[in-house]
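In: give me the fold of what follows.
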Amino acid sequence: MKKVFKFLLNRIPRPLLIRLSYFGRPILARLLRGNRFTDPIDGKSYSKFLPYGYIKQRENVLAPGSFSLERHRLLWLYLQKTNFFTAALKVLHFAPEQAFYQRFRKLNNLNYTTTDLISPLADIKADICELPFEDESFDVILCNHVLEHIPDDNKAMRELYRVLKTGGWGIFQIPQDLEREHTFEDHSITDKKERAKIFGQYDHVRIYGRDYFDKLRAIGFEVEEIHLQKDLKPEDILKYALNPKEIIPLVRKN
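Out: Here you go, the predicted structure:
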């Protein structure tokens, strides 16, 4: 199973994988029913989660019903503590994840717009560095695991700041090496295999370190580093298959 998933991730274009997953999810969810792990997004329990990873496969990571990963489940738990599900909000969602897309689309309180260059789930095809939106357009921006793909991430961050309303907030998750003080990038590395080896994925262009939060602050955002796991029971961290060290970057424009 691990080899199959690794092959699919590295050989099949992501837009096609998204389309194929609609057929595979119901089958996998039925086959893996159990009570060892629970996905808080769909509320269903499973005997195991699926492995995931472009280079090194992580065990019990991908929930078969929603196709959520650790970061999605952590974000869902955090959003439940906010006004996201109740307040009238204009939301911009970059590269919308399958785990969230239909659920957010059905929320009557949201004016919900999705955007990406290649995702089949995007309402608007747009470059994050040149967004087709007016200044101060959105109350909330979700931009998760996007910036590590963007060569000029500072320009992308400035665009995010521009289109976020004053008083608005966002979540900008990224893969982050908390053992690394400074972000590492080398744009001379263009070979996909070399990128995967160095950056962890063939289409990543950097590894963010602990300075990521300061990069956001330099743009003008106020940044709160959310350690949600500290509020959870150890058994729930295991049950939801969360990364106990992951930090949620909550940004505000004030």
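In: name the residues that touch stretch 56-63?
Out: For stretch 56-63, the external contacting residues (C-beta atoms under 8 Å, 6 or more residues apart in numbering) are 2, 5-6, 37, 39, 41-42, 46, 48-53, 68-70, 73, 99, 241. Yep, even glycine has a C-beta here, placed from its N, CA and C like the rest.
In: gap between that stretch and the chain center?
Out: Put simply, stretch 56-63 sits 15 Å off its chain's centre (C-alpha atoms, centre = their mean, to the nearest Å).
In: and that stretch, what's its mean pLDDT?
Out: On average, the pLDDT along stretch 56-63 is 89.
In: quick one: contacts for the spatially most central residue of the chain?
Out: With distances taken as C-alpha atoms, centre = their mean, the residue of the chain nearest its centroid is residue 144 (3.5 Å). If you count contacts by C-beta under 8 Å, 6+ apart, residue 144 has them with 71, 75, 94-95, 97, 171-174.
In: surely it forms part of a strand?
Out: No. Using DSSP: H, G, I helix; E, B strand; the rest coil, the assignment for residue 144 is coil, not a strand.
In: would you list the phi and psi of it?
Out: phi -110, psi 130 (degrees, to the nearest 10).
In: go on, the one 5 residues further on?
Out: For residue 149, the backbone dihedrals are phi -90, psi -10 (criterion: degrees, to the nearest 10).
In: in contact with the residue nearest to it when sequence neighbours are not counted, which residues?
Out: The shortest distance from residue 149 to any non-neighbouring residue, by C-beta to C-beta, 6 or more residues apart in numbering, is to residue 203 (5.7 Å). Residues near residue 203 by C-beta under 8 Å, 6+ apart: 149, 192, 195.
In: one step back: of the contacts of residue 144, which is the nearest to residue 237?
Out: residue 71 (13.6 Å; C-beta to C-beta).
In: tell me which helix or strand the closest one sits in.
Out: helix 70-79 (DSSP states H and E).
In: the chain: strands as residue ranges?
Out: 33-38, 45-46, 50-52, 58-62, 89-94, 110-116, 124-125, 138-142, 164-171, 184-185, 206-207, 222-226, 248-252 (DSSP state E).
In: okay, those strands in JSON lines with distance to residue 154 and mean neighbour count next?
Out: JSON lines is the format used below for those (distance: least, C-beta to C-beta, whole Å; neighbours: other C-beta atoms under 10 Å):
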{"stretch": "strand 33-38", "distance to residue 154": "38", "mean neighbour count": "14"}
{"stretch": "strand 45-46", "distance to residue 154": "40", "mean neighbour count": "18"}
{"stretch": "strand 50-52", "distance to residue 154": "30", "mean neighbour count": "19"}
{"stretch": "strand 58-62", "distance to residue 154": "30", "mean neighbour count": "17"}
{"stretch": "strand 89-94", "distance to residue 154": "16", "mean neighbour count": "22"}
{"stretch": "strand 110-116", "distance to residue 154": "19", "mean neighbour count": "19"}
{"stretch": "strand 124-125", "distance to residue 154": "23", "mean neighbour count": "12"}
{"stretch": "strand 138-142", "distance to residue 154": "16", "mean neighbour count": "22"}
{"stretch": "strand 164-171", "distance to residue 154": "16", "mean neighbour count": "18"}
{"stretch": "strand 184-185", "distance to residue 154": "11", "mean neighbour count": "14"}
{"stretch": "strand 206-207", "distance to residue 154": "11", "mean neighbour count": "20"}
{"stretch": "strand 222-226", "distance to residue 154": "15", "mean neighbour count": "14"}
{"stretch": "strand 248-252", "distance to residue 154": "14", "mean neighbour count": "19"}
